[in-house]
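In: Structure, please.
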Amino acid sequence: MVPALAVALALALAALSAGGNAAAAERATDPEVVAAQARAAGERGDFEAAIQRWETAAQLFTARKNHADAAMAYAGWAHAGRTLGFYEVAGTAARKAIAAAAKADGRAQARAEHAAGAVAAGLGRPGAETLLTGALALAETAGDAGLGAEILASLGDLHAARKEWAKAANFFTQAAARAERAGNAAQQGLALARKANADLRQSGDVAFALETAARAERLASGLAASHSKALIFLVLGGVEERAVAGLKKNTLELAGGSTLLQGGAARARYEAALRAATECGDVRSRSLALGHLGEIALAAKQPAEALEFSQQAAFEAQRGNMVDVGYRWHWNTAKALVLLQRPDEAVQSYRRAVQAVRAVQNDLILGHSVGQREGSFREVIGPLFYELADLLLQRAARETDPAVVGQLLFDTRNELESLKSAELDDFFRDHCVNTVRARAKAVDQTDPKSAVLYVVPLPDRTELLVGTVNGIRRFQVPVTGPVLMETAQEFRRKLEKRTTHQYRVTGRQLYQWLIAPVAELLRAQGIETLVVVPDGALRTIPLGALMDGERFLIQQFAVAVSPGLTLLSPEKFAHVPPRFLSCGLSVDVTVTNGPAGAVCAEPKPEQPADPQVSHFAGLEHVPGELSAVQGLFGGTVLRDQDFRLQSVRRELEKNPVSVLHIASHAEFGTTAQDTFLVTIEGKLTLDDLEALVKPRKYRGQPLELLALSACQTASGDDRAALGLAGAAVKAGARSTLATLWSVNDEASAKLVTEFYSQIRRQPDLARAQALRQAQLHLIAQENHYHPAFWSPFLIIGNWL
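Out: Down below sits the predicted model:
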């Protein structure tokens, strides 16, 4: 009996096991179960797991032809990807949501359009608001208050990212009311927390903002531990920090007599977020809370505590594979180590932070929504690279071994080079730089008569790195980076005043800081061309106009500008006559502004100002300029009515054009959307220009020179100057001749004609040298001696 009983028991257990396995298998293929798992993963902050579960759920729903729930799953996938800052992943999921929702009801379409709109908002795309507004209308028609609250909150985020705080606060108010109607306390609390932030940014009324924050806190306190609860407290911590920072006081007396201690209230909110995250297993929120606590300790000059919090935050980020925020905690760790006077360890942490940035650089560039990034890549991420450069340069100053010094200087320049590339990617909102990396050979090893001047502005000093065929040398200048930039902005303003010589004082001062320290080295090595890699406001000034006393720098050296050394591939003009395509406008043009809002030219006096249009006056010397170019080199001319996008495309496709000369208005704004050239039809964007020119590069016929003889960048706007410097990179031209500001029409025509005449007379003459000769030609003319006429012209990129 016993053996038989044992066999029966074994069979029963096997049957139970088989049944359990079958049930587990059934649950694994049940889309409702998988979707519930995805929601649970999101609620505990495990968004990587949520992405995997939502993807599986979407596939299972699709296989069952349940298109409405498939759209819901794809939308959840997009939300999880966006939360992690993975905009490419989120965009793919949103597109799939739209496709699935097309076969479903209005509620599904609302979810899909919300997903697509939220991704578009994070990418700063102009269609985001239209998508979100359409999604809201669909949600209202479907009577889904909870979904409506989500969409209203996304509209609030959109306007917050644009710094339209009043609109953002209004949408967050509506979102909170809609969430309350839906009975969703978590949604309501988060909307109120974000409203408090928007109110504080809009009015600076701390008492009012903190009253709203208190309502959010009460709602959050009643929630079970969850990602939502932790997130509300994280947002509230930021509100408390801004409340105190805005007042710039140690204490703030609030209505009712309570006192907000510096950092104390914010710390309490982050600690509450940490408790909620720890209890529910939300690794992401735990890392964020620890990281913010570390930042509070840093601000309070408590480096030991800051180090502990930051290292814990970095550990949690690594544990949760949080590549989007891990760099911040390594960065804060480095800052704490600097305060603790442990520079070697700080360098290691800085390098870990930089490595983490590179791993997620594409998404840091693409994603800029509120909470992701406020400001340009240079403003937000740039200080990381400069702080590392600062430590490397300090180490180089202490080092006695020349080989080690050389390597440290090379490493410093390389770190800053990666920032330069990312800045251009950020300006153009794509990865145009990735396709144009120069080969490994250093550009300062290309020409023994050229030197590369790298300007490194730092908080307490400025460093100059000079690269020649003999290596890199560093020079320290006792002027702070901020003072240097302020002086550069002042120089730009004074340069444009043609009736005064006020520019001379600042021009001489800048020469003493940037050129005098390196002049002896340049003379000793027989340097003829100075290739400058500027930063910040230095991008907005023509360095050739700096003065040693009475002589301009251009009278001593040819000067070229590069947005970054890795973006160069210096080569001389091919030994064949250049083939020209010359275009220009000599007639008035009125351009309709797009949704992004272009930088407008001044309207003609007889025409009323209209924000929807820009009026560009005809350039009367264009016919003579184009005729002179054609007289020197021949080629095709497209002027006025013939200067159209299709005409330019046709000429570039059928002829081996090597020089594209455009004598027309060219505006360079703060963003790529504000940057364009003017044709008879309207705006020609840099994307349009890239589509025209870059295919030639891949056919082995790159454009040697892009000449833009009537550019305009806003005074003091280094972002606009960055866009100008990146034009050659974006378009795929080897070099660009352009202007920092619009020049007297006659002077422009004279300089351009002389530039091309120099190339015609001396085919082997480097482009930078040809420009120098043309500028000297104008300096020799009394009526054009003032640098306002000749100095704005720059050779950008390949100078040979």
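In: Only C-alpha atoms from now on, for both contacts and neighbour counts.
Out: Will do.
In: quick one: which helix or strand includes Arg352?
Out: Assigning secondary structure by DSSP states H and E places Arg352 in helix 343-359.
In: Give me the buried stretch members for that helix, please.
Out: Neighbour-count burial for helix 343-359 flags Pro343, Ala346, Val347, Ser349, Tyr350, Arg351, Arg352, Ala353, Val354, Ala356, Val357, Arg358 (criterion: 16 or more other CA atoms under 10 Å).
In: show me the contacts for the fourth one.
Out: In this structure, Ser349 makes contact with His330, Trp331, Thr333, Ala334, judged by CA atoms under 8 Å, 6 or more residues apart in numbering.
In: so which of the buried residues of helix 343-359 comes closest to Ala49?
Out: Closest approach between the buried residues of helix 343-359 and Ala49, by CA to CA: Ala356, at 21.2 Å.
In: Of the contacts of Ser349, which is the most crowded?
Out: Neighbour counts for the contacts of Ser349, by other CA atoms under 10 Å, peak at Thr333, which reaches 32 neighbours.
In: Confirm that that residue sits in a helix.
Out: Yes. Counting by DSSP: H, G, I helix; E, B strand; the rest coil, Thr333 is found in a helix.
In: quick one, phi psi at Ala58?
Out: The phi/psi pair for Ala58 (degrees, to the nearest 10) reads phi -60, psi -40.
In: Now do it: how many residues are near it, please.
Out: Ala58: 31 neighbours (other CA under 10 Å).
In: three-state assignment of the spatially closest residue to it that is not a sequence neighbour?
Out: By the measure of CA to CA, 6 or more residues apart in numbering, the closest residue to Ala58 outside its immediate chain neighbours is Ala70, 4.6 Å from it. Under three-state DSSP, Ala70 falls in the helix class.
In: from here on, count from 42
Out: Happy to do that; since the first residue is 42 now, the last one works out to Ala111.
In: Just to check, Ala111 is in contact with Glu96?
Out: No. Ala111 lies out of contact with Glu96 (CA atoms under 8 Å); the separation is 9.3 Å.
In: Which of the two has more residues huddled nearby?
Out: Counted by other CA under 10 Å, Ala111 and Glu96 do not tie: Ala111 has more neighbours, with 32 against 23.
In: The more buried one: what's it in contact with?
Out: Applying CA under 8 Å, 6+ apart to Ala111 gives the contacts Ala98, Ala99, Gln100, Leu101, Phe102, Thr103, Ala138, Ala141, Ala142.
In: Please apply the same query to Arg545.
Out: Residues counted as contacts of Arg545 (CA under 8 Å, 6+ apart) are Leu587, Met588.
In: before we move on, which element is it in?
Out: Using DSSP H and E, Arg545 sits within helix 544-555.
In: tell me the mean pLDDT for that helix?
Out: Helix 544-555 shows a mean pLDDT of 94 in the predicted model.
In: And it, how far out from the chain middle?
Out: Put simply, helix 544-555 sits 31 Å off its chain's centre (CA atoms, centre = their mean, to the nearest Å).
In: What residues of it count as buried?
Out: Tyr544, Arg545, Thr547, Gly548, Arg549, Gln550, Leu551, Tyr552, Gln553, Trp554, Leu555.
In: need the helices for the stretch 742-841 of the chain, in chain order.
Out: With helices called from DSSP state H, counting those that start in this stretch, the stretch 742-841 of the chain shows them at 759-766, 768-772, 786-802, 808-820, 828-831.
In: List the contacts of the residue nearest to Glu386 when sequence neighbours are not counted.
Out: The shortest distance from Glu386 to any non-neighbouring residue, by CA to CA, 6+ apart, is to Leu378 (6.8 Å). By CA under 8 Å, 6+ apart, the residues touching Leu378 are Pro344, Leu348, Pro384, Glu386, Ala387.
In: got those as JSON lines, with distance to Ala207 and pLDDT columns?
Out: Shown next, in JSON lines, are those (distance: CA to CA, whole Å; pLDDT from 0 to 100):
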{"residue": "Pro344", "distance to Ala207": "37", "pLDDT": "95"}
{"residue": "Leu348", "distance to Ala207": "38", "pLDDT": "96"}
{"residue": "Pro384", "distance to Ala207": "44", "pLDDT": "94"}
{"residue": "Glu386", "distance to Ala207": "45", "pLDDT": "95"}
{"residue": "Ala387", "distance to Ala207": "41", "pLDDT": "96"}
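In: Poorly predicted segments of the stretch 92-241 of the chain, please.
Out: The stretch 92-241 of the chain contains no residues with pLDDT under 70.
In: just for this protein, where's the confidence low?
Out: The model of the chain has pLDDT under 70 over residues 42-69, 287-304, 402-417, 467-487, 606-617, 634-654, 710-714, 735-742, 752-772, 785-786.
In: quick check: domain ranges of it?
Out: Following automatic domain parsing, one gets these domains for the chain: 488-607, 612-838.
In: Now render those as a markdown table, adding distance to Leu172.
Out: Formatted as a markdown table, the domains of the chain follow (distance: least, CA to CA, whole Å):
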| stretch | distance to Leu172 |
| --- | --- |
| domain 488-607 | 36 |
| domain 612-838 | 15 |
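In: and Glu357, which of these is closest to it?
Out: The closest of the domains of the chain to Glu357 is domain 488-607. By CA to CA, the value is 31.8 Å.
In: How far off centre is the closest one?
Out: Distance, centroid of domain 488-607 to centroid of chain: 26 Å (CA atoms, centre = their mean).
In: and if you look at stretch 826-839?
Out: Centre-to-centre, stretch 826-839 and its host chain are 27 Å apart (CA atoms, centre = their mean).
In: ok, residues contacting it?
Out: Under the contact criterion CA under 8 Å, 6+ apart, stretch 826-839 has outside partners 536-539, 582-583, 585-586, 600-604, 608-612, 766, 769, 775-782, 784-785, 788-789, 792, 808-809, 812, 816, 819-820, 825.
In: Regarding it, how distant is the last residue from the first?
Out: Stretch 826-839 has an end-to-end distance of 27 Å (criterion: CA to CA, to the nearest Å).
In: ok, back up a step: how about the helix or strand just after the helix holding Arg545: buried residues?
Out: Once the chain leaves helix 544-555, the next helix or strand it forms, by DSSP H and E, is helix 557-565. By neighbour count with 16+ other CA under 10 Å, helix 557-565 contains the buried residues Pro558, Val559, Leu563.
In: how far away is the residue nearest to Glu386 from Leu449?
Out: Using CA to CA, Leu378 is found at 20 Å from Leu449.
In: ditto for Lys461
Out: Relative to Leu449, and taking CA to CA, Lys461 is found at 19 Å.
In: Let's verify the nearest residue to Thr677 once chain neighbours are set aside: helix, strand, or coil?
Out: Sequence neighbours aside, Leu622 is the residue nearest to Thr677 in space, at 5.0 Å (criterion: CA to CA, 6+ apart). Secondary structure, three-state DSSP: Leu622 is strand.
In: surely Leu622 meets Phe684?
Out: No. With contact defined as CA under 8 Å, Leu622 does not reach Phe684; the gap is 10.9 Å.
In: of the two, who's got more company?
Out: Taking other CA under 10 Å, Leu622 and Phe684 do not tie; Leu622 has more neighbours (25 against 21).
In: so how far is the first residue of stretch 515-531 from its last?
Out: Rule used - CA to CA; the end-to-end distance of stretch 515-531 is 26 Å.
In: ah, wrong one, I meant stretch 98-113
Out: The straight-line separation of the ends of stretch 98-113 (CA to CA) is 9 Å.
In: Which neighbouring elements make contact with the helix or strand where Leu179 lies?
Out: Take DSSP H and E as the rule and Leu179 turns out to sit in helix 169-183. Helix 169-183 sits against helix 147-163, helix 186-202, with contacts defined as 3 or more CA pairs under 8 Å, 6 or more residues apart in numbering; DSSP states H and E.
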